[in-house]
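Student: sequence and predicted structure, then a few things I'm wondering about:
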Amino acid sequence: MDPHLLRTYVTVARLASFSEAARELGYTQSAVSQHIAALEGDLGAPLLTRRPVAPTAAGERLLEHAGPLLLRLEAARADVVRMAAAPEQGLSLAATATALHPRVVAALPGAGVTLRVLARDLVPAAVATGDAGLGLVDGLAAASDPLRLPDVAPLTAHGVAEDTVAVLLPAAHPLARRPFLRLDDLADALWLDAADAGLPLAQLRAAVGGGAFRPALRYEGTDVHALTTLAAAGRGLTLLPRTVADGVPGAVAVPLTEPRIVHRTELLHAGAPRGAAAELMERLAGGDRR
């Protein structure tokens, strides 16, 4: 399967237009049509209806495979190019919103750092494709257990920090005076569903083997301040690392003691870090590696 044809197909399916795909890719519309026809001929199945432009059942199945396949190809190219390239003068770091642990921030170089806060699923991909030299990811895990990361490319992960997990409650909440909480105490609570600004409810369900954790409001963004403002206003509870949850105006961070889970931060890289990335890794040495 020709990856150029596959990229053309993914673009046409995303834009639902041959002409728009041609403009984005820099091809003629005739060339785009020929690419799609060639891919359909190779696979022996129609992939798109034409009026309107939409994936067929076979086309939908191909889209499920296309993203990981194209990402792997980009990662392979970036890995080879990285080996031959000179070390970057600065440090490019991609991070999730709650992964900026104080230990990592303190270890960053004094200058030359480019930091991008990305959606949770995009950080490993940014490292794999060379868009970022290092990645910081975080999530819920049992103490000393590694995070479960998407298999986007051969990446190495180093554990750099583990924190207490806290439930962020409005100051007037009946449970705000508790010294600690168990999830059983919150069985009827409504939560903020904020997968990229806080610790995802899906991770919480996985860590405790299920549970409803009913969302009251869905927040799509990476702004932790916006999330904590919503929690302080009583729009739903959220789970955060204690280092992030403490000191939020109008809210109280109560440690979670049951189940026994922690907030874990890991540093990702592809290949052997060099330059500023290698120096940061050395400063953070002492965590585990996998």
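Tutor: Yep, that arrived.

Student: for the host helix or strand of Leu62, name the packing helices and strands.
Tutor: For Leu62, the enclosing helix or strand under DSSP states H and E is helix 57-84. Counting contacts by 3 or more Cβ pairs under 8 Å, 6 or more residues apart in numbering; DSSP states H and E, helix 57-84 packs against helix 3-15, helix 122-128. Backbone N, C-alpha and C define where each C-beta goes, glycine included.

Student: which neighbouring elements make contact with the shortest one?
Tutor: Packing partners of helix 122-128 (3+ Cβ pairs under 8 Å, 6+ apart): helix 57-84, strand 91-95, strand 134-141, strand 262-269.

Student: at the geometric centre of this protein, which residue sits there?
Tutor: The residue lying closest to the centre of the chain (Cα atoms, centre = their mean) is Arg120, at 1.6 Å.

Student: verify the stated contact: it with Pro200.
Tutor: Yes. Arg120 lies in contact with Pro200 (Cβ atoms under 8 Å); the separation is 6.9 Å.

Student: now for those two: what residues contact both?
Tutor: Residues touching both Arg120 and Pro200 (Cβ atoms under 8 Å, 6 or more residues apart in numbering): Gly139.

Student: would you list every one of the helices in the chain?
Tutor: Taking DSSP state H, the helices of the chain run over residues 3-15, 18-25, 29-43, 57-84, 102-107, 122-128, 201-208, 224-232, 242-245, 275-283.

Student: tabulate these in a markdown table, adding columns for mean neighbour count, distance to Arg218 and mean pLDDT.
Tutor: Converted to a markdown table, the helices of the chain look like this (neighbours: other Cβ atoms under 10 Å; distance: least, Cβ to Cβ, whole Å; pLDDT from 0 to 100):
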| stretch | mean neighbour count | distance to Arg218 | mean pLDDT |
| --- | --- | --- | --- |
| helix 3-15 | 19 | 23 | 92 |
| helix 18-25 | 17 | 29 | 93 |
| helix 29-43 | 16 | 35 | 92 |
| helix 57-84 | 14 | 23 | 81 |
| helix 102-107 | 14 | 29 | 89 |
| helix 122-128 | 24 | 18 | 91 |
| helix 201-208 | 18 | 10 | 80 |
| helix 224-232 | 20 | 11 | 96 |
| helix 242-245 | 22 | 20 | 92 |
| helix 275-283 | 18 | 34 | 87 |
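
Student: which one, of these, ends up nearest to Thr114?
Tutor: Closest of the helices of the chain to Thr114 is helix 275-283, at 10.4 Å (criterion: Cβ to Cβ).

Student: just want the angle from that closest one to strand 134-141.
Tutor: Computed by axes from the mean of the first three to the mean of the last three Cα atoms, to 10 degrees, the angle separating helix 275-283 from strand 134-141 equals 40 degrees.

Student: cheers, nothing more for now.
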